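Engineer: pasting the sequence and the predicted coordinates here, then a few questions.
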Amino acid sequence: QPDFQTPAHIVEAAIKALRDGHHGYTPAQGILPLRESVAKDLHKRHGVEVSPDNIVIMPGGKPTMFFAVLMFGQPGMEIMYPDPGFPIYRSMIQYSGAKAVPIALKEENGFAFSADEVLAQITPKTSLIILNSPGNPTGGAVPKEEVAKLVAGLAKHPHVTVMSDEIYSQMLYDGREHESFLRYPEIRDRLIILDGWSKTYAMTGWRLGFSVWPKSIVDTVVRLCVNNHSCVNAPTQFAGIAALEGPQDDVVKMVKAFDERRRAIVPMLNQLPGFTCVNPGGAFYAFPNITGTGMSARELQNRMLEEAGVATVAGTSFGIHGEGYIRFSYANSIENIRKAIERVGTLLMEKR
């Protein structure tokens with residue numbers, strides 16, 4: 001998670017909401033001023049029109065994933081998901097009874113999906129495709145050309161819905177621009193967008209997210225909200241408005257800091273014996289190839305923690321295609337990153 005504090009004006013908005021008496025239940029779909037603010041923000045960032053009626057405010061990002069999988073997953077169906085990818089995708093698919101079909105994200109493609117490969121995996125049983133760009137754990141960012149090619153190919157598969165997890169969409173580097181699936185009206189009636197405040201505004205603990213749903217299933221989603229979590233707490237929603245409509249200086253500073261750390265950690269990782277690391281295009285993770293060390297991802301993860309005091313996550317925690325990789329988060333100071341890599345270097349040299 002980001003190692004920054006939530007910007008002060010956002011915190012103050014929540015405090016003011018409490019002092020103003022916003023202590024009760026809110027609508028299950030989210031308060032209208034926040035949904036209107038989200039719609040304006042989506043227009044500003046992506047140049048698209050989204051009705052507030054199609055937006056649902058959630059307590060974080062996971063409810064959107066869970067509800068989408070519950071609605072489209074059942075025994076006999078197939079749901080595709082990115083691998084290596086956020087482990088909750090596969091977990092929720094398996095819970096639903098559907099078959100989890102991995103979309104292999106390959107190092108040679110910068111861990112971006114290949115539209116041709118995704119389309120080739122679709123079967124009559126495919127009900128949902130989950131996508132995530134920029135991605136966790138790889139930092140891979142999908143170029144516009146692949147998004148457009150995928151959307152064009154989906155015209156032949158009208159039975160397939162897409163859930164695009166765009167939670168890291170404002171964390172891109174080297175001049176990259178996020179290509180949201182919202183920009184393609186031809187799939188809007190079978191598109192679910194997941195986004196939120198956690199990463200962009202350093203609000204992970206606030207538990208505030210939003211999703212955009214096809215008009216035909218919004219009422220079903222809201223009923224799930226009523227039965228699952230009732231509503232998102234009031235002061236957090238007012239904080240969400242302040243985040244979107246207030247100054248964005250802190251967002252710019254945070255992304256700049258992450259980019260500086262990215263530029264620092266990747267060369268350091270590439271100097272480690274047995275490591276090679278591509279430049280992540282977004283988010284705040286590096287995903288080096290560690291096959292040259294001769295260790296499995298799990299073994300190296302454990303040894304780095306136990307012998308060097310460096311916490312990482314084995315690629316196998318993110319799917320069947322994660323073997324041979326380790327996730328490093330650079331949501332920390334360059335000084336601490338440097339100390340961590342030095343410790344790992346010492347460990348690897350001693351192993352030799």
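Structural biologist: Thanks, I have the structure now.

Engineer: and the helices in this structure?
Structural biologist: Read by DSSP state H, the chain holds these helices, from start to end of the chain: 8-19, 32-46, 62-72, 87-96, 115-121, 144-153, 218-228, 234-245, 249-270, 297-308, 334-351.

Engineer: so which bits of stretch 259-269 are buried?
Structural biologist: Neighbour-count burial for stretch 259-269, counted by 16 or more other C-beta atoms under 10 Å, picks out 259, 261-262, 264-266, 268-269. C-beta: built from backbone N, CA, C; applies to glycine.

Engineer: let me see the mean pLDDT of stretch 205-214.
Structural biologist: Taken as a whole, stretch 205-214 has a mean pLDDT of 98.

Engineer: repeat for stretch 300-314
Structural biologist: Here the mean pLDDT over stretch 300-314 is 97, rounded to a whole number.

Engineer: same question for stretch 72-90.
Structural biologist: For stretch 72-90, mean pLDDT rounds to 97.

Engineer: can you lay out the helices of the chain as a markdown table showing distance to residue 190?
Structural biologist: Compiled in a markdown table, the helices of the chain are given as follows (distance: least, C-beta to C-beta, whole Å):
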| stretch | distance to residue 190 |
| --- | --- |
| helix 8-19 | 34 |
| helix 32-46 | 18 |
| helix 62-72 | 10 |
| helix 87-96 | 18 |
| helix 115-121 | 15 |
| helix 144-153 | 11 |
| helix 218-228 | 13 |
| helix 234-245 | 26 |
| helix 249-270 | 31 |
| helix 297-308 | 36 |
| helix 334-351 | 41 |
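
Engineer: give the contact list for the residue nearest to residue 96 when sequence neighbours are not counted.
Structural biologist: With C-beta to C-beta, 6 or more residues apart in numbering as the measure, residue 73 is the residue that lies nearest to residue 96, at 3.0 Å, once sequence neighbours are left out. Taking C-beta atoms under 8 Å, 6 or more residues apart in numbering as the criterion, residue 73 is in contact with 79, 92-93, 96-98, 127-128.

Engineer: just the buried residues from the residues you listed, in PyMOL please.
Structural biologist: Selecting only the buried members of the contacts of residue 73 in PyMOL, with burial defined as 16+ other C-beta under 10 Å, works like this:
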select buried, resi 79+92+93+96+98+127+128
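
Engineer: now do the contacts for residue 4.
Structural biologist: Taking C-beta under 8 Å, 6+ apart as the definition of contact, the neighbours of residue 4 are 202, 250, 254, 257.

Engineer: thinking again about what came up before, JSON lines for the buried residues of stretch 259-269, including pLDDT?
Structural biologist: Converted to JSON lines, these look like this (pLDDT from 0 to 100):
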{"residue": "259", "pLDDT": "97"}
{"residue": "261", "pLDDT": "97"}
{"residue": "262", "pLDDT": "97"}
{"residue": "264", "pLDDT": "97"}
{"residue": "265", "pLDDT": "98"}
{"residue": "266", "pLDDT": "98"}
{"residue": "268", "pLDDT": "98"}
{"residue": "269", "pLDDT": "98"}
